[in-house]
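Undergrad: Structure, please.
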Amino acid sequence: MKGMRKLLILYASQTGNALDAAERLSREAERRACPFNLLSVDQYDPSLLPQEEAVIFVVSTTGQGDTPDSMKVFWRYLLQRNLGQRWLSGVLYAVFGLGDSSYQKYNFVAKKLDKRLMDLGGTTIVERGLGDDQHPSGYEASLDPWLSSLWRMLNMVKPEFLPNGPDVVIQDTVLIDQPKVRITYHNIANDESHFSSASDLTCLNMQIGSARSMHPGKSSSDRSRPGCFLKMVKNLPLTRSNCGKDVRHFEFEFVSHVLKYETGDVLEVLPGQDSAAVDAFIRRCNLDPDSFITVSLREMDDHNTHDSRIPVKLRTFVEFSMDVASASPRRYLFEVMSFFATAEHERERLKYFASPEGRDDLYQYNQKERRTVLEVLEDFPSVQMPFEWLVQLVPPLKPRAFSISSSQSAHPNQVHLTVNVVSWTTPYKRKKKGLCSSWLAALDPCDGIHVPTWFHKGLLPTPSPSLPLILVGPGTGCAPFRGFIEERAVQSRTNSTAPIIFFFGCWNEDGDFLYRDFWLSHSQNKGVLSEAKGGGFYVAFSRDQPQKVYVQHKMREQSQRIWNLLAEGAAVYIAGSSTKMPADVTSAFEEIVSYENEVSAEDAVRWIRALEKCGKFHIEAWS
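TA: Below you'll find the model as predicted:
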């Protein structure tokens, strides 16, 4: 028995792009009077799929071809053997993927999902679409044509879904009156606030948790309140001042309570926003920073969910949950702004930016220049948007993830990070800097600032002391391996431990040789990186000679040592920049296996794949 005829839109998002694309899909459905349900895959019971008439999936690929966290349970369900080839018989589906072609496993999740749905008997409405972050117009370059094909094909196979045909009919002015968000203002004197009786840290924790849990763009409710607070105790430069990069070593102490972490884990940091930028945004939008508000989704209004919400100051809400001065807004912001522009030339420009014809120009103006919401609003002074729309459309303030570069066995009350302080010049020669890294770099350990953080598992599992390791970590990719080596040094004091070979790479020996003394001390006097212990430390300085030398060149020089360790059951760990490095290093491993084991290139690729399958080949890369 089929349920009520509704188009089901399911999304699996890690950073929010797939949610944006799915929301765009739902807006287009709404404009075509097509009834729909929009859900994250973790809110949907996969056993109900055979009862659906048509399902659109919007899924992103994370890391090295991994499914987003929200999709893991759903994907496991789909892989069950007992679902036969006719399980989805009669169900129409379409898949749109979001990925980045600079990664080896480009859009892997969308491709796997499309094939699995077909194997289970589903019928595709339209060929899968693959959005690419590397395209000059971002993923929307593929999404625009894919959506028009989707509506055209859906109209042919299920005309009842689109009573007015595949083209837009409902005027946007009708829809623009209804933001998803409702804001309630509360009449509270400052000293009556819920937070006033709590201690400073508890109060800060409650304020951050309350502000972030109310933001409509939050990805999961359990991460609203910080897991713990840290206090910076060291902020040391690791690079020479004029070497062209600024990498820092940060040491933090636990202040609220000590949390257990393992080597290979990741620390997420909620960055502080520049208070001048927050104030400028509030002024530009004519808001009262001291008013107390609660924010709820309109569709949840009848569920009394906002009764339990603790009102927070409007400024607190903006500061902890709305990214006003670092992230670039989505195309939909420009579309909504065009309705609120009172100057004709601004309205025309905004409409053009929001149209398919203006997509490339918008990309140049917006994403390429990394314009912030504040900059965009200042460029269109006639636009006065209701705060509801701003809350809905300003990107949420996201925590930034960093590999932990310490071992808790070596530093029981501390956690260390190795951070590249990001800065760049845009095509129009505007100076920009990374929000979180530059905020951390500017912190003075003497100020005792409390840094809100969360600990979680990364992609690098903690190795056992008896497992031989081959580590490749150029640049800040060395961060997790500093923790690995500290940990193994502690273990080796009481037990015998397996050898470690580590390949590090940087530009110059005297400019950015991060942690030089640390690696050298462990590679001498029978340390855990010493050749005497079966290990080794090899470093590539790419710019210290006319021809470039990278980690993969050093690996080939140590081909036999690498093969000997692999033959002994070693695990491979690769960390660092996501551009070409993981692919180049993986190829070097394949060449070494082929040469040393005297097998064909194809067999070597299969050998490395098998290593990956049995959990002994790990990559953690970041852009």
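Undergrad: can you pull the contacts of residue 337?
TA: 350, 376, 380, 383, 385 (CB atoms under 8 Å, 6 or more residues apart in numbering). Yep, even glycine has a C-beta here, placed from its N, CA and C like the rest.
Undergrad: residues touching the residue nearest to residue 268 when sequence neighbours are not counted, list them.
TA: Excluding the flanking residues, the one nearest residue 268 by CB to CB, 6 or more residues apart in numbering is residue 399, at 3.8 Å. Contact analysis of residue 399 by CB under 8 Å, 6+ apart lists 223, 268-271, 453-454.
Undergrad: picking that back up, can you flag which of the contacts of residue 337 belong to helices?
TA: Among these, DSSP state H puts 350, 376 in helices.
Undergrad: out of the contacts of residue 337, which one sits closest to residue 278?
TA: Of all those, the one with the least separation from residue 278 (CB to CB) is residue 376, at 16.0 Å.
Undergrad: Tell me where the stretch 51-200 of the chain is predicted with low confidence.
TA: 168-177, 190-198 (pLDDT under 70).
Undergrad: in it, which spans are strands?
TA: 54-60, 92-99, 123-124, 129-132, 181-186 (DSSP state E, counting those that start in this stretch).
Undergrad: can I get these in TSV with mean neighbour count and distance to residue 409?
TA: Below are those laid out as TSV (neighbours: other CB atoms under 10 Å; distance: least, CB to CB, whole Å):
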stretch	mean neighbour count	distance to residue 409
strand 54-60	26	36
strand 92-99	26	38
strand 123-124	14	52
strand 129-132	22	43
strand 181-186	15	47
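Undergrad: Tell me which of these sits nearest to residue 19.
TA: So among the strands of the stretch 51-200 of the chain, strand 54-60 is nearest, using CB to CB, at 8.1 Å.
Undergrad: Report all helices and strands that the closest one contacts.
TA: strand 7-12, helix 17-31, strand 92-99, helix 108-119 (3 or more CB pairs under 8 Å, 6 or more residues apart in numbering; DSSP states H and E).
Undergrad: before we move on, the earlier item: looking at the contacts of residue 399, point me to the pair that's furthest apart.
TA: Going by CB to CB, the pair spanning the contacts of residue 399 furthest: 223 and 271, at 14.9 Å.
Undergrad: Residue 471 in helix, strand or coil?
TA: Following DSSP: H, G, I helix; E, B strand; the rest coil, the label given to residue 471 is strand.
Undergrad: what's near enough to touch it?
TA: Going by CB under 8 Å, 6+ apart, the list of residues near residue 471 reads 481, 484, 500-503, 573, 575.
Undergrad: if you look at the residues you listed, which of them are in strands?
TA: 500-503, 573, 575 (DSSP state E).
Undergrad: ok, of those residues, which one's closest to residue 560?
TA: Of all the ones in strands among the contacts of residue 471, residue 560 sits closest to residue 501, with 11.5 Å by CB to CB.
Undergrad: Number of residues surrounding the closest one?
TA: 24 (other CB atoms under 10 Å).
Undergrad: which SS state does residue 249 fall under?
TA: Per three-state DSSP, residue 249 ends up strand.
Undergrad: now it: how far from residue 542?
TA: From residue 249 across to residue 542, the span is 22 Å (CB to CB, to the nearest Å).
Undergrad: so which of the strands of the stretch 51-200 of the chain gets nearest residue 423?
TA: Short answer: strand 129-132, nearest of the strands of the stretch 51-200 of the chain by CB to CB, at 25.9 Å.
Undergrad: Pull up the pairing partners for that closest one, direction included.
TA: Strand pairing for strand 129-132, using DSSP bridges, gives strand 92-99 (parallel).
Undergrad: Packing partners of the helix or strand where residue 391 lies?
TA: Secondary structure assignment for residue 391, by DSSP states H and E: helix 387-393. Other elements packing on helix 387-393 under the criterion 3+ CB pairs under 8 Å, 6+ apart are strand 181-186, helix 331-340.
Undergrad: would you list those in TSV and tack on distance to residue 461?
TA: Shown next, in TSV, are these (distance: least, CB to CB, whole Å):
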stretch	distance to residue 461
strand 181-186	40
helix 331-340	39
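Undergrad: Identify whichever of the ones you listed lies nearest to residue 555.
TA: helix 331-340 (43.2 Å).
Undergrad: pLDDT of the closest one, averaged?
TA: For helix 331-340, the mean per-residue pLDDT is 92.
Undergrad: Now the terminal residues of stretch 548-566, how far apart.
TA: Using CA to CA, to the nearest Å, the end-to-end distance of stretch 548-566 comes to 27 Å.
Undergrad: So which residues make contact with that stretch?
TA: Counting by CB under 8 Å, 6+ apart, 468, 470, 472, 474, 499, 501, 503-505, 534, 536, 538-542, 572, 581, 584-585, 587-589, 591-593, 595-597, 611 sit against stretch 548-566.
Undergrad: Narrow those residues to just the buried residues.
TA: Applying a neighbour-count criterion of 16 or more other CB atoms under 10 Å, the buried members of these are 468, 470, 472, 474, 499, 501, 503-505, 536, 538-542, 572, 581, 585, 587-589, 591-593, 596, 611.
Undergrad: Which of those fall within strands?
TA: Judged by DSSP E, strands contain the following of these: 470, 472, 501, 503-505, 536, 538-541, 572.
Undergrad: Name the pair among those residues with the greatest separation in space.
TA: Between all members of those, the farthest pair (by CB to CB) comes out as 541 and 572, at 22.8 Å.
Undergrad: So in this structure, which strand runs the longest?
TA: Max-length strand for the chain by DSSP E is strand 228-237.
Undergrad: and that one, what does it pack onto?
TA: For strand 228-237, the elements it packs on are helix 200-214, strand 247-254, helix 435-442, strand 450-456, judged by 3+ CB pairs under 8 Å, 6+ apart.
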